[in-house]
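**Student:** how would this look folded up:
(chains A and B)
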Amino acid sequence: MTDEKRSVIELDHVRKQYGDFVAVHDANFSIANGEFFAMLGPSGCGKTTTLKMIAGFEQPTSGRVLLDGDDVSAVPPYRRNVNTVFQQYALFPHMTVFDNVAFGPRSAKKLDEARIKKDVMEMLEVVRLDKFAHRKPSQLSGGQQQRVALARALVNFPSALLLDEPLAALDLKLREAMQIELKRIQREVGISFVFVTHDQGEAITMSDRIAVMSEGQVEQIGTPEQIYRSPASLFVAGFIGSANLLPATVESNSGQQLHVRTTGGALLNVPQGDATFSVGDRVCVMLRPERLQPAQTITTAGSGVEGTLTDLVYQGATARLIVRQHDDTELSALVDATSLPHWVRTGETMCLVWPNDCPYVLAGWPERAGATTTNVDHVEAAL
Amino acid sequence: MLARRADNLGLAALAVAAVCLVALGAGWFDGPLNALVLLVLLVVLGGVGVLAAFGGPEARRLLAPYGLMKPGLLWMALFFLAPVWSLVRISLSTKESRFSVQYNFTWAWDNYSRAFSDFGGQFQRAFLYSLIATLLTIVIGYPVAYVIAFRGGRFKNLLLGLVVIPFFTSYLIRTIAWSTILADQGPIVSLLNTFGLVNVFEWLHIMENGKLLNTPAAVIGGLTYNFLPFMLLPIYVSLEKIDPNLVNAANDLYSTPTAAFRKVVFPLSIPGVFAGTLLTFIPAAGDFVNAQFLGNPNTTMIGNSIQDQFLKQNNYPVASAMSTVLMVSITALVLLYTRFFGTEELA
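**Tutor:** Residues are numbered from 1 along each chain as shown, chains lettered A, B, ... in the order given. Reported below is the predicted structural model:
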């Protein structure tokens, strides 16, 4: 392998506009060799357009796309050394699995047929479909078709593999298995994978780095942990995982600690974080549900809120508590289902408390206060 | 017991009913025997009806497919099989006298030798003209279908409508309209005269003696025009079904747009071309309208001769022999074509 840090794909201030509609504002990032990179965002955020510009199906309105250091902005897809796995796989229905996979090398005309045959069979082994070489795609299951699409792209040993929502058409269990399979294949071939998805769980599970996009803007690029722990914006905080977002106003600032009053009237102590806030600033306190614990009283002042338990959803290993505060904002907590105290009962008043390092402060107020995953319309609007 | 054999009974009843209808339609028997055949038909159909009504749900389930086939099959027996029987029979008959309408079945194979010897040219022309017309409809129709299917966008239905609109007018009127357009004093010939292109067109064998009308080209052109939608629409349907991402995938896998068309789009549209070819070639080979209005005595096709023998010469035996030959040879050609370009392998 060559230098791991070398960047394979570079987007240099790429902008894409259709008439008045700006699909991608200013995409400016690079993807390293061997990296598993996800572009994550709700539909219409510009992630697929960005992928198409890398593949060559769309040309940027301005800016440059660089592949292995060369400007390919105006190069047609059939002369770019990247390959795509399409959302519905786009396998050629009139060809066998073998001919589908051999399509790329045969079109490229760089290798003789014997070598192509060897490469194709090897790649079919990598995706564990060597026994299906002579079937037609219609005779395969969804997961098998998915792997044919992978093999068909990877057999060309592209600089990068582009995947457009590759798992969206699969069932949940199969999707989880394919996530692991994709990671295995990626490690085995060592090629950069650029992965477009609207499923944040998928992005977090599989990626080395994630670019979170919204309305054509790249909101944040970072490792899954960075993005989950310290989201750069309210959008990222709400989109990645589930979160409780409490709008608040800064009342005092002691350097490391902020005292904020939520719109519900509670006074909270929160760590300042990277940004600095001054008294009177509108901020948003983000609390991840899995860090909240039920309690009968708030033991540490400023590290808990009181409310009524409106729902207790048993989920097997965990249980989800929905606690409604006095101002009607709902908080969601994810707790261990096996050690649920007896006083946690729907309709009863209880408290939710959290450790000191749990709250994370962001600038601005959220559109909707409280848990991001309890309102169907709200969640749907985000996707 | 009867109920469990209901499917066999249904099949048998259907077969007997079909044979009865052919017998009645083709006039196998005279007078009173026909009444007997009718009785058998009614008894068989009535018997199945009774079995369906009182045989219980299992019998009804087994009978259902035959019940559904009944209207179509019996219709075909009466209006296709019976006439074909009569046609073949008359093609082997002789007339009692020249003006007689009485035919005697005499195994008169010489009707067939006359059909070949006297009308071999018409047969050849019919197949040649319809073959050229079919190829032309592919050449003209495919690109149009392609553009509508892949570039039509929200105008798809409008464009398809435009393709079909001329065909709201009667076939005859459209063909006669062409004879006006192609006439010696018509717009096209005048235009060609103005630009001095007549020589070029004559060299291309499209015009003869400065005329456009009443030439083989006019007949082939008329066939092409009249059968174009029957080629275009099936091709459109097969192209429309192709996922545009397949073209993207081919491009992504190092195929130029031309190669992508050759390797992906065209192979996937073959079922449409196949269906269009059958829908165009078969009726075009038997057509007589275009040769009559756009051709001359040297461009008559077999359809014209059959029409002439039936309606003007009143020579039913030879006309029937010609019809039978036409039918059999088209069937043979279609079978051959299906054998080589059959679409069963396609997904």
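
**Student:** Going by neighbour count, list what's buried in the worst-scoring helix or strand of chain B on mean pLDDT.
**Tutor:** Least confident element among the helices and strands of chain B, by mean pLDDT, DSSP states H and E: strand B:103-105 (a mean of 86). Using 16 or more other C-beta atoms under 10 Å in any protein chain shown as the test for burial, strand B:103-105 gives B:Y103. In this view, the C-beta of every residue, glycine as well, is placed from N, C-alpha and C.

**Student:** and what of stretch B:171-184?
**Tutor:** Result for stretch B:171-184 [16+ other C-beta under 10 Å]: buried residues B:R174, B:T175, B:W178, B:S179, B:L182, B:A183.

**Student:** ok, and the closest non-adjacent residue to residue 129?
**Tutor:** Went with chain A since none was named. Once flanking residues are discounted, A:L129 sits nearest to A:R147: 5.6 Å by C-beta to C-beta, 6 or more residues apart in numbering or on different chains.

**Student:** meant chain B, my bad for not saying
**Tutor:** Per C-beta to C-beta, 6+ apart, closest to B:Y129 is B:I220, 5.3 Å.

**Student:** hang on, A:N83 in a strand?
**Tutor:** Yes. Applying DSSP: H, G, I helix; E, B strand; the rest coil, one finds A:N83 inside a strand.

**Student:** how does the chain divide up, domain by domain?
**Tutor:** Just going to use chain A. As given by automatic domain parsing, the domain ranges for chain A are A:7-229, A:242-382.

**Student:** looking at chain B here, not the other one
**Tutor:** Chain B resolves into domains spanning B:6-91, B:110-341 when parsed by automatic domain parsing.

**Student:** Return the most buried member of those domains.
**Tutor:** Sort the domains of chain B by mean neighbour count, taking mean count of other C-beta atoms under 10 Å in any protein chain shown, and domain B:110-341 sits at the top with a mean of 18.

**Student:** any idea how far that domain is from the chain center?
**Tutor:** Chain-centre distance of domain B:110-341: 12 Å, with C-alpha atoms, centre = their mean, to the nearest Å.

**Student:** Tell me the residues of chain B that contact chain A?
**Tutor:** Selection of chain B residues close to chain A by C-beta under 8 Å from any C-beta of the partner chain yields B:243, B:245-246, B:248-256, B:259, B:263-264, B:267-268, B:345-347.

**Student:** For A:S43, give me phi and psi.
**Tutor:** phi -60, psi 140 (degrees, to the nearest 10).

**Student:** got the contact list for the closest residue to it other than its chain neighbours?
**Tutor:** Once flanking residues are discounted, A:S43 sits nearest to A:H198: 6.0 Å by C-beta to C-beta, 6+ apart. By C-beta atoms under 8 Å, 6 or more residues apart in numbering or on different chains, A:H198 lies in contact with A:L40, A:G41, A:P42, A:S43, A:K47, A:E165, A:A168, A:L383.

**Student:** any idea how far A:H198 is from A:I227?
**Tutor:** Distance, A:H198 to A:I227, by C-beta to C-beta, to the nearest Å: 15 Å.

**Student:** Could you do B:G10 as well?
**Tutor:** 68 Å.

**Student:** Surely B:P57 is in a strand?
**Tutor:** No. Under three-state DSSP, B:P57 sits outside any strand and is assigned helix.

**Student:** Return the distance of the lowest-mean-pLDDT helix or strand in chain A from the chain's centre.
**Tutor:** The weakest-scoring helix or strand in chain A, judged by mean pLDDT, DSSP H and E, is helix A:376-382 (a mean of 71). In this view, helix A:376-382 has its centroid 17 Å away from the chain centroid, taken as C-alpha atoms, centre = their mean.

**Student:** could I get that helix in CSV with only the CA atoms?
**Tutor:** This file holds the C-alpha atoms of helix A:376-382, laid out as CSV (Å, rounded to 0.1, in the frame of the first residue of the first chain):
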residue,chain,number,x,y,z
VAL,A,376,-43.2,11.6,14.1
ASP,A,377,-43.7,14.7,12.0
HIS,A,378,-40.6,16.3,13.3
VAL,A,379,-38.5,13.2,12.6
GLU,A,380,-40.0,12.8,9.2
ALA,A,381,-39.3,16.4,8.3
ALA,A,382,-35.7,15.9,9.2
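
**Student:** Hmm, A:N100 is touching A:L91, no?
**Tutor:** Yes. With contact defined as C-beta atoms under 8 Å, A:N100 reaches A:L91; the gap is 5.4 Å.

**Student:** Among the contacts of A:H198, which lie within helices?
**Tutor:** Within the contacts of A:H198, residues falling in helices by DSSP state H are A:K47.

**Student:** Most neighbours among the contacts of A:H198, please name it.
**Tutor:** A:G41 (31 neighbours; other C-beta atoms under 10 Å in any protein chain shown).

**Student:** what does the model give it for pLDDT?
**Tutor:** The per-residue pLDDT reported for A:G41 equals 92.

**Student:** what does the stretch 51-200 of chain A have sitting close to chain B?
**Tutor:** Residues of the stretch 51-200 of chain A lying close to chain B (C-beta under 8 Å from any C-beta) are A:55-57, A:76-79, A:82-84, A:86-88, A:90-94, A:103-104, A:107-108, A:136-138, A:152-153, A:156.

**Student:** Of these, keep whichever come out buried.
**Tutor:** Buried by 16+ other C-beta under 10 Å: A:55-57, A:77-78, A:82-84, A:86-88, A:90-94, A:103-104, A:107, A:136-137, A:152-153, A:156, out of those.

**Student:** give me the low-pLDDT residue ranges for the chain?
**Tutor:** Picking chain A for this. A:1-5, A:378, A:382-383 (pLDDT under 70).

**Student:** My question was about chain B, not that one.
**Tutor:** Within chain B, the stretches with pLDDT under 70 are B:1-2, B:342-347.

**Student:** In it, spot the helix with the most residues.
**Tutor:** Under DSSP H, chain B gives helix B:110-151 as its longest helix.

**Student:** So which other helices or strands are in contact with it?
**Tutor:** Secondary-structure packing of helix B:110-151 (3 or more C-beta pairs under 8 Å, 6 or more residues apart in numbering or on different chains; DSSP states H and E): helix B:156-164, helix B:216-240, helix B:266-285, helix B:302-307, helix B:316-341.

**Student:** what's the angle between it and helix B:266-285?
**Tutor:** Using axes from the mean of the first three to the mean of the last three C-alpha atoms, to 10 degrees, the direction of helix B:110-151 lies 140 degrees away from that of helix B:266-285.

**Student:** any idea of the angle helix B:110-151 forms with helix B:156-164?
**Tutor:** Inter-element angle recorded for helix B:110-151 and helix B:156-164: 150 degrees (by the same axes, to 10 degrees).

**Student:** can you tell me the residue of the stretch 51-200 of chain B closest to chain A?
**Tutor:** Ranked by C-beta to the nearest C-beta, the top residue of the stretch 51-200 of chain B for proximity to chain A is B:G153, at 14.1 Å.

**Student:** thinking again about what came up before, residue contacts, the residue nearest to B:Y129?
**Tutor:** Contacts of B:I220 by C-beta under 8 Å, 6+ apart are B:Y129, B:I132, B:A133, B:L136.

**Student:** Quick check, the last one in contact with B:G222.
**Tutor:** No. With contact defined as C-beta under 8 Å, B:L136 and B:G222 do not form a contacting pair (11.2 Å).

**Student:** got the contact list for the residue of the stretch 51-200 of chain B closest to chain A?
**Tutor:** B:G153 touches nothing, counting by C-beta under 8 Å, 6+ apart.

**Student:** May I have the phi/psi pair for it?
**Tutor:** phi 50, psi -130.
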